[in-house]
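A.B. asks: this is a predicted model, with the sequence first.
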Amino acid sequence: MVNEINFDTVIAAIEDEIGCDCEPYGGMINEEALRIPVDHLQSVIRVLRDQFGCYHLSTITAQERENQPGEVELIYHFWQGKGISLMISVPLESPQVESILSLISGADFYEREVAELYGVTFTGREETPPLLLPDNWDLGPPFIRREETDE
Amino acid sequence: MNKITIPIGPHHPLLKEPLSMKIDIAGERVLGASLRLGYVHRGIEKLALERTYVQDVHLIERICGICSHVHTTTFCLAVEALLGIEVPPRAQYIRALMCELERVHSHLLWLGILAKHVGLETVFMHTWHDRELALDIMEGVSGGRVSHAANQIGGVRFDLSEEQEAMIRENVEKLKTQVGGVLDVIENEPALRARTQGVAPVSVELIKDYCVVGPVARASGVDIDLRRDDPWPPYDQLDFKVITLPDGDAWARTLIRALETRESLRLCETIMHKMPDGPVTVRAPRKVPEGEVVTRSEAPRGEVVYYLRSNGSDKPARLKVRTPTLAVLSLLPEQLSAIHVADIPVVLAGIDLCIACADR
């Protein structure tokens, strides 16, 4: 049986440990969410894992929000009795995030999927061959919106 | 000894679905492996944004040919949460019934495949024969063996008649007897034990590090099942056992699916016993208010996750689907390392691959 995680305690622990200003995001149904600075991703995940036993990364969602043009948002969906998400944003021009593979081996395919479909570069991990797209795909990340493609 | 790399797939007699593996071997020992997916990548997450929510239910049904119902259920739960509508209790029970029958037929199909790989042709014939009883129920109530189209936003598409309810009870009863026989073989057949016991054991630490879900995690003693730990109704009103085994080897992964099949059949009986009366659907608006939601379900292979964001129109702004096979596949290279070449089919079969799910 999995013990449910208490969201307020998590926020307090993160602020205590790292001192980063994480901002609770209340817009997600069924899931607690936190916006955090991209540089603190690794340390926040370490707090979740080491202090709360929250090891289970369900997936990583990448998306472009209409109200945040020029940015790619990454949502790291964790689960410990209930969902808890970490949200970070990176510039669409040169999206770069440090890989969390050294913390969670299960993040491998999720990072590769986001890298291929959204063009996000995960630093600190080996370069890998394509996972989902064809070997000769040269049209760029297919999930990024482009206005000029309808010509 | 020299290292040799042998390619398996994407088209190979061992696999019914396209997966490409490069397996490094030295003599009879496997040293490591790398995987390549994408041969059935259909871009469903992208396609879903071009279609309305109503059309998406039918698109999402086609992510998988085995667990199609759990995908549409998880999607409908997400849309219904954004709409703020509550599905009638009878529809919730029918959804759960279909989910459990799906688990029964998925596990029986898988047990057959494993039996075939280890040379037990008779068990293969029996399990696939028995599986038809579950498929008969699903076809009898929905009209489709594979794509049931049971769900619609706001409930289910059909009600159960008295004759259908009687047929369900009768087939579930027959299945219980048949599955008892399969369990007997798995527990007592020396050839099966010899081929699976002690093969590719996976530790709790590895399961947690690779975020593995479903029967593979439970066969290694990780007590996780979303039907109990993060339930949607009616699972919060139903009593059932979550089965875990300590061994974590290929035999435990075989036995657990047989035990889960038996438990699911019990659960089908409970669902039929508690099945409430009433309507099976409520009317849902076509446009979905702005918002975002995450829903999770326990599919036959483990946790299915849907993230859905709406911008207030009749089409999703973003849909993310994480299927259990993708979580379990990342462990495969680790499982394949340090086994004998002859055990590759057993290990591959053991994780119950669904490449269509993993690729989407």
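C.D. replies: Yep, that arrived.

A.B. asks: close to chain A: what parts of the stretch 201-350 of chain B are there?
C.D. replies: Listed as neighbours of chain A in the stretch 201-350 of chain B under the rule C-beta under 8 Å from any C-beta of the partner chain: B:208-212, B:223-224, B:228-230, B:291-296, B:303, B:305, B:307, B:309, B:311, B:317-318, B:320, B:322, B:326-327, B:329-331. All C-beta atoms are positioned from the backbone trio N, CA, C, and that covers glycine.

A.B. asks: residue B:70 contacts residue B:302, correct?
C.D. replies: No. Contact status for residue B:70 versus residue B:302: not in contact, 10.5 Å apart, counting by C-beta atoms under 8 Å.

A.B. asks: what's near enough to touch the closest residue to residue B:160 other than its chain neighbours?
C.D. replies: Leaving aside its chain neighbours, residue B:160 sits nearest to residue B:141 (6.1 Å; criterion: C-beta to C-beta, 6 or more residues apart in numbering or on different chains). Applying C-beta atoms under 8 Å, 6 or more residues apart in numbering or on different chains, we find residue B:141 in contact with B:150, B:158, B:160, B:164, B:168.

A.B. asks: now for the fourth one, how many residues are close by?
C.D. replies: Okay, so that is residue B:164. Look at residue B:164: counted by other C-beta atoms under 10 Å in any protein chain shown, it has 14 neighbours.

A.B. asks: so the nearest residue to it once chain neighbours are set aside, which of the three states?
C.D. replies: Leaving aside its sequence neighbours, residue B:164 sits nearest to residue B:141 (C-beta to C-beta, 6+ apart; 5.4 Å). Following DSSP: H, G, I helix; E, B strand; the rest coil, we place residue B:141 in the helix state.

A.B. asks: can you tell me how far residue B:141 is from chain A?
C.D. replies: Residue B:141 is 29 Å from chain A, where distance means C-beta to the nearest C-beta, to the nearest Å.

A.B. asks: settle this for me: residue B:6 is touching residue B:23, isn't it.
C.D. replies: Yes. Counting by C-beta under 8 Å, residue B:6 does reach residue B:23; the two are 5.3 Å apart.

A.B. asks: which other residues reach stretch A:77-84?
C.D. replies: Applying C-beta under 8 Å, 6+ apart, the contact partners of stretch A:77-84 are A:2-5, A:7, A:10, A:30-34, A:48, A:52-61, A:85-86, B:229-230, B:294, B:296, B:303, B:305, B:307, B:322.

A.B. asks: chain B contacts on chain A?
C.D. replies: Those residues of chain A that sit near chain B, judged by C-beta under 8 Å from any C-beta, are A:1-2, A:27-31, A:55-59, A:61, A:63, A:66, A:75, A:77, A:79, A:81-83, A:85, A:104-110, A:129-134, A:142-143.

A.B. asks: picking that back up, more neighbours, residue B:6 and residue B:23?
C.D. replies: residue B:23 (20 against 13).

A.B. asks: which helix or strand contains the more buried one?
C.D. replies: Using DSSP states H and E, residue B:23 falls within strand B:20-26.

A.B. asks: re earlier: neighbour count winner among residue B:70 and residue B:302?
C.D. replies: residue B:70 (26 against 23).

A.B. asks: does the more buried one count as helix, strand or coil?
C.D. replies: Assignment for residue B:70 (three-state DSSP): helix.

A.B. asks: for the closest residue to it other than its chain neighbours, what are its contacts?
C.D. replies: Computed as C-beta to C-beta, 6+ apart, the closest residue to residue B:70 that is not its neighbour in sequence is residue B:299, at 4.3 Å. Residues near residue B:299 by C-beta under 8 Å, 6+ apart: B:67, B:70, B:71, B:102, B:103, B:214, B:323, B:324.

A.B. asks: residue B:63 now?
C.D. replies: Residue B:63 makes contact with B:44, B:71, B:321, B:323, B:356, B:357, B:360 under the criterion C-beta under 8 Å, 6+ apart.

A.B. asks: of those, which belong to helices?
C.D. replies: Here DSSP state H is the test, and these give B:44, B:71, B:356, B:357 as lying in helices.
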